[in-house]
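Trainee: Have a look at this fold, sequence not included:
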């Protein structure tokens, strides 16, 4: 007999791809008026479970029931019509259409075949305000930052008035204020009797808003806990079998290994101004602050993707970086925040992605435009082994990898170029705790080997746990430097929201 308190029932669902089971008789339920956190490492089966619920894929066996009715053979359109809304990690927005057109995709008011843009914008504004997004509804989505695009995706999901809202890493690019705006919406839905499933690798966020937490590992249900009967260490043990304290490596204790990266008076009009940076070789320095304060643009300028003025020195020598080619020749590597759009060629093989920055080194003398396939194979295989990239083979397309393995590829491809400076924008966005740990330890080993590492992240604990020093940005300027015992969550958050005012 169906329990009337249960909105969604996933019962012994199994799903395999190419003979490999990614869900093994997984069972969990979502009650009416509750927020359920779904956690686990990449590859644990979370995304597949969500794809089954939203009609993207069909289970091999098992049963899914929504509102007391067994779901069979439905598709995403039918799922939305039944009241299932979702914000996926990989956004489904059309960058060439306006914000309002994306929010009401397929439901535009028109007259004589022409879209009534002002009416569409007026309908979109209340939804955008609800998610805390102050933006012109008639602006093309492609002009927005990743964080703002995620909020547009949320507004699009809310436009369908869902009884079940699924958020898959929906906070991965948001700053603290944007996360709180999203969670305000989540609490409003819960208080109104609606249900929410949240997938996030930020455990502190889950504990802030979830009623219960369900852990998947290797496609199987491990446990479901009420929020008040568990903690972060308990969840990490269930997910990966190790303590949360082991997530970050020890910080540098010896003297710097060289001058590394220095910038003075760095300015990009309209983005940031008079930024001074000192990132010695052997150190990891963070750019902190609320999202959108110029951190991303600083990294892009240092890699030659934004026009800028000011002085840049690498390894003690002044240099002019007029474009990415010049940056690479000067020993600068850059891992962008959006790995699928900027960091990888997702339709190319793992081999091709890993070796692309090193094509010149793989081209034999006197054989222009001819890459040594054997050398390419050795390089790619060595990187896969070094970073423990999980794949079916070097020929597998990058888009077929999990988010964590894609991020490893985006980082690994620069290592054969032997850079002096490594720039990372959101290096662990949307990846699991175990892979985060691997990347943190890799970054520390690279710094210990002599790299100057500059990283920006919206994850406060990431900056606190990883960085030797954090420069806090506010409205395009560096307003405070935190080092040593000052690199704490309290000091970082305080400086971020007050513009660097002294903490009393």
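Mentor: Received it, and whenever you're ready, just let me know what you need. The shown structure was predicted, so the numbers you read here are calculated from the model rather than taken from an experiment.

Trainee: going forward, measure contacts between C-alpha atoms and count neighbours the same way
Mentor: Fine.

Trainee: what about the residue nearest to residue 173 when sequence neighbours are not counted, neighbour count?
Mentor: Using C-alpha to C-alpha, 6 or more residues apart in numbering and skipping residues adjacent in sequence, the residue nearest residue 173 is residue 147, 4.9 Å away. Residue 147 has 18 neighbouring residues, counting by other C-alpha atoms under 10 Å.

Trainee: What of the one 4 residues further on?
Mentor: For residue 151, the neighbour count with other C-alpha under 10 Å is 26.

Trainee: got the contact list for it?
Mentor: 128, 131, 132, 133 (C-alpha atoms under 8 Å, 6 or more residues apart in numbering).

Trainee: Residue 97 touches residue 137, doesn't it?
Mentor: No - at 10.3 Å, residue 97 does not count as touching residue 137 under the criterion of C-alpha atoms under 8 Å.

Trainee: the more surrounded of those two?
Mentor: Between residue 97 and residue 137, counting by other C-alpha under 10 Å, residue 137 is the more crowded of the two (24 against 16).

Trainee: got a pLDDT number for that one?
Mentor: The per-residue pLDDT reported for residue 137 equals 91.

Trainee: I figured it was touching residue 124, is that so?
Mentor: Yes - between residue 137 and residue 124 there is a contact under C-alpha under 8 Å: 6.6 Å.

Trainee: so what sits against both of those two?
Mentor: residue 100.

Trainee: From the contacts of residue 151, which land in helices?
Mentor: Among the contacts of residue 151, the ones falling in helices (DSSP state H) are residue 128.

Trainee: so which of the contacts of residue 151 comes closest to residue 317?
Mentor: residue 133 (43.1 Å; C-alpha to C-alpha).

Trainee: Show me the shaky parts of the chain.
Mentor: 1-2, 18, 42-43, 90, 106-115, 240-246, 364-371, 497, 500-504 (pLDDT under 70).

Trainee: in the stretch 351-500 of the chain, which spans are strands?
Mentor: Here the stretch 351-500 of the chain has its strands, by DSSP state E, counting those that start in this stretch, at 421-425, 452-456, 469-474, 477-483.

Trainee: Quick one: list the elements packing against the third one.
Mentor: Okay, so that is strand 469-474. strand 284-288, strand 477-483, helix 489-498 (3 or more C-alpha pairs under 8 Å, 6 or more residues apart in numbering; DSSP states H and E).

Trainee: still on that earlier bit, run the chain-centre distance for the helix or strand containing the residue nearest to residue 173.
Mentor: Here residue 147 is covered by helix 146-158, with elements defined by DSSP states H and E. Here the centre of helix 146-158 is set off from its chain's centre by 14 Å, with C-alpha atoms, centre = their mean, to the nearest Å.

Trainee: do stretch 492-500 as well
Mentor: Put simply, stretch 492-500 sits 23 Å off its chain's centre (C-alpha atoms, centre = their mean).

Trainee: and what of stretch 288-301?
Mentor: 16 Å.

Trainee: start to end distance for it?
Mentor: 17 Å (C-alpha to C-alpha, to the nearest Å).

Trainee: before we move on, back to that, want to try JSON lines for the contacts of residue 151, with distance to residue 383 and neighbour count as columns?
Mentor: Output for those, formatted as JSON lines (distance: C-alpha to C-alpha, whole Å; neighbours: other C-alpha atoms under 10 Å):
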{"residue": "128", "distance to residue 383": "43", "neighbour count": "23"}
{"residue": "131", "distance to residue 383": "41", "neighbour count": "23"}
{"residue": "132", "distance to residue 383": "42", "neighbour count": "20"}
{"residue": "133", "distance to residue 383": "41", "neighbour count": "20"}
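
Trainee: per the record, what domains does the chain have?
Mentor: 6-243, 247-331+419-504, 344-417 (automatic domain parsing).

Trainee: now the ones you listed in TSV, with distance to residue 337?
Mentor: Listed next are the domains of the chain as TSV, based on distance: least, C-alpha to C-alpha, whole Å:
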stretch	distance to residue 337
domain 6-243	9
domain 247-331+419-504	5
domain 344-417	10
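
Trainee: show me the contacts for residue 150.
Mentor: Contacts of residue 150 by C-alpha under 8 Å, 6+ apart are 87, 91, 170, 171, 173.

Trainee: among those, who's most crowded?
Mentor: Among these, residue 171 has the most neighbours (other C-alpha under 10 Å), with 27 neighbours.

Trainee: and the residue nearest in space to the middle of the chain, what is it in contact with?
Mentor: The centre of the chain sits closest to residue 429, judged by C-alpha atoms, centre = their mean, with a distance of 2.5 Å. When contacts are counted by C-alpha under 8 Å, 6+ apart, residue 429 touches 172, 173, 337.

Trainee: hmm, 10 Å instead?
Mentor: 169, 171-173, 201-202, 337-339, 403-404, 407, 436, 457-459 (C-alpha atoms under 10 Å, 6 or more residues apart in numbering).

Trainee: What distance do you get for it to residue 456?
Mentor: 11 Å.

Trainee: Identify the contacts common to those two.
Mentor: Looking at what touches both residue 429 and residue 456 (by C-alpha under 10 Å, 6+ apart), the common residues are residue 337.

Trainee: mind putting the helices and strands packed on strand 469-474 in a markdown table, distance to residue 22 and mean neighbour count included?
Mentor: A markdown table is the format used below for those (distance: least, C-alpha to C-alpha, whole Å; neighbours: other C-alpha atoms under 10 Å):
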| stretch | distance to residue 22 | mean neighbour count |
| --- | --- | --- |
| strand 284-288 | 36 | 27 |
| strand 477-483 | 43 | 20 |
| helix 489-498 | 37 | 18 |
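
Trainee: Make a markdown table out of these and add distance to residue 263.
Mentor: Supplementary listing: those in a markdown table, determined by distance: least, C-alpha to C-alpha, whole Å:
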| stretch | distance to residue 263 |
| --- | --- |
| strand 284-288 | 13 |
| strand 477-483 | 12 |
| helix 489-498 | 22 |
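
Trainee: of all these, which lies closest to residue 465?
Mentor: helix 489-498 (9.3 Å).

Trainee: Measure how the closest one sits relative to strand 469-474, angle-wise.
Mentor: 30 degrees (axes from the mean of the first three to the mean of the last three C-alpha atoms, to 10 degrees).
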